[in-house]
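Novice: Quick one, what's the 3D model for this:
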Amino acid sequence: MILWVLALLSVIVGEFCYAMRTEVNIAHNFSEQSQAYYLAVAGLNRAVGEIIRNQVIREKAKLFKNETDKGKIEDEIGADGDEETTRWRINVDIPSVVFGAGRFKVKIGNEAGKININQANEKFLRMMVDAFELETQQRDIIVDSILDWRDKDDLHGLNGAENEYYNSLPDPYDCKNGNFDSVEELLLVRGVTPEVFYGGLKDMVTVYLDNRTVSKKAADILMVRSGDASSNKISINAASKMMLRALPSITDELVEEIIIYRKEKDFKSAGELSLVVGADVYTAISPYISFEENAFYTISSMGLIPGSRIRMSVDAMVEVNPTLKKGWRIVQWRDGFKDQFEMSSNLE
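Specialist: Model prediction:
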């Protein structure tokens, strides 16, 4: 009887110890998750501050003309006066930053490197779909259907679609006849399959219009089919590899040359870009490119705890605009976004 009692007590004690250990691990993991998450939030806020700082420096640089005033700018940038290596830039590998008991890793992008799906003209849209290995007819269907989705009338293009097509689907719906509210809305457009959308199209387009240069009233009256000239350009500094590859006459080798150049500094003039891609290629792509960023930035920030495998991250779209009350605002926010980061130990 004593042996049976001792055996039962051993089982109870063992179960109690296991439960306690599990509770301790859960509490420890929750603590590390919280720390990593708020490290990621700190990284995002730091990135916003750096973006605002860059804008202030650029605006001041436009005003200062002589060497004395230029020196003031250099003092704000850093003792070495090297703006490009000191400031945080878009589409570059920013080293992780120690913060408190951990560190954060940040990546910054800009929507100027994407095609504005609401303002792009037919030529620009066609250049976009040419980046995909599609049949000619499917490319025509996508371009015409996007234009029909945006325009106000019920007349479809040669290969487009209006209510007659969408109402005949197994799950019918109406053609919007208005601007896209999100890039995911493209999945409703005839010809845009999930394979095309998630295979690269999603990362090539945007719906955010830079209100610093275009007022809402002006944006509302832009021609839907012809597009606005300023909206039919992408920033050569913000464009992704796939977006660069979609430009006419650009080869994979030239895309790599552009990426390598951007690691050191941004393109600031036609002359700098022409030296990298050549005069003939620059002439071909010049109608489609600009050198400016717009007000909308994508910021991905990951928090890391030393000695822990836990990674927490946030991904946000922010508008940095001096006309706003705080100078910036959050447009989108997602927690736990890890796709843009390498989950390896070298982040630490």
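Novice: Please enumerate the strands of the stretch 51-200 of the chain.
Specialist: 97-99, 102-110, 115-116 (DSSP state E, counting those that start in this stretch).
Novice: The ones you listed: which one's closest to residue 162?
Specialist: Residue 162 sits nearest to strand 115-116 of all these, at 22.5 Å, using Cβ to Cβ. (Glycine included, C-beta is placed from N, CA and C.)
Novice: Name every strand pairing with that closest one and say which way it goes.
Specialist: strand 205-206 (parallel) (DSSP bridges).
Novice: what's the average pLDDT for the strand it pairs with?
Specialist: The average of the pLDDT scores along strand 205-206 is 92.
Novice: residues in contact with that strand?
Specialist: 111, 114-117, 128, 183, 186, 296 (Cβ atoms under 8 Å, 6 or more residues apart in numbering).
Novice: and for stretch 154-170, what are the contacting residues?
Specialist: So stretch 154-170 is contacted by 137, 140-141, 143-145, 147-148, 172-175, 177, 188-190 (Cβ under 8 Å, 6+ apart).
Novice: From those residues, list the buried ones, please.
Specialist: 140-141, 143-145, 147-148, 175, 188-190 (16 or more other Cβ atoms under 10 Å).
Novice: Closest one of the residues you listed to residue 203?
Specialist: residue 189 (16.9 Å).
Novice: what's near enough to touch the closest one?
Specialist: 142, 145-146, 149, 161.
Novice: Mind naming the longest helix for the protein?
Specialist: Ranked by residue count under DSSP state H, the longest helix found in the chain is helix 2-63.
Novice: what angle do that one and strand 102-110 make?
Specialist: If you take axes from the mean of the first three to the mean of the last three Cα atoms, to 10 degrees, helix 2-63 sits at 40 degrees to strand 102-110.
Novice: which other helices and strands contact helix 2-63?
Specialist: With contacts taken as 3 or more Cβ pairs under 8 Å, 6 or more residues apart in numbering; DSSP states H and E, helix 2-63 sits against helix 67-77, strand 97-99, strand 102-110, strand 296-304, strand 311-320, strand 328-335.
Novice: Please tabulate those in a markdown table, including the columns distance to residue 210.
Specialist: Converted to a markdown table, those look like this (distance: least, Cβ to Cβ, whole Å):
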| stretch | distance to residue 210 |
| --- | --- |
| helix 67-77 | 24 |
| strand 97-99 | 28 |
| strand 102-110 | 10 |
| strand 296-304 | 7 |
| strand 311-320 | 9 |
| strand 328-335 | 13 |
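Novice: Among these, which comes closest to residue 52?
Specialist: When the helices and strands packed on helix 2-63 are compared (using Cβ to Cβ), the closest one is strand 311-320, at 6.0 Å.
Novice: what about dumping the CA coordinates of that closest one to CSV?
Specialist: Presented in CSV, the C-alpha positions along strand 311-320 are these (Å, rounded to 0.1, in the frame of the first residue of the first chain):
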residue,chain,number,x,y,z
ARG,A,311,11.2,37.5,-34.0
MET,A,312,8.4,40.0,-33.9
SER,A,313,7.8,42.5,-36.6
VAL,A,314,5.5,45.3,-37.8
ASP,A,315,4.8,46.4,-41.4
ALA,A,316,3.3,49.8,-42.0
MET,A,317,2.4,52.3,-44.7
VAL,A,318,2.9,55.8,-43.5
GLU,A,319,2.3,59.2,-45.2
VAL,A,320,4.9,61.8,-44.4
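Novice: and it, what does it pack onto?
Specialist: helix 2-63, strand 296-304, strand 328-335.
Novice: of all these, which lies closest to residue 242?
Specialist: strand 296-304 (15.3 Å).
Novice: So which other helices or strands are in contact with that closest one?
Specialist: Strand 296-304 packs on helix 2-63, strand 102-110, strand 311-320, going by 3+ Cβ pairs under 8 Å, 6+ apart.
Novice: That strand: which residues count as buried?
Specialist: Neighbour count says strand 296-304 has 296-304 buried, by 16+ other Cβ under 10 Å.
Novice: Direction-wise, compare that strand with strand 102-110 and give the angle.
Specialist: Going by the same axes, to 10 degrees, strand 296-304 makes 160 degrees with strand 102-110.
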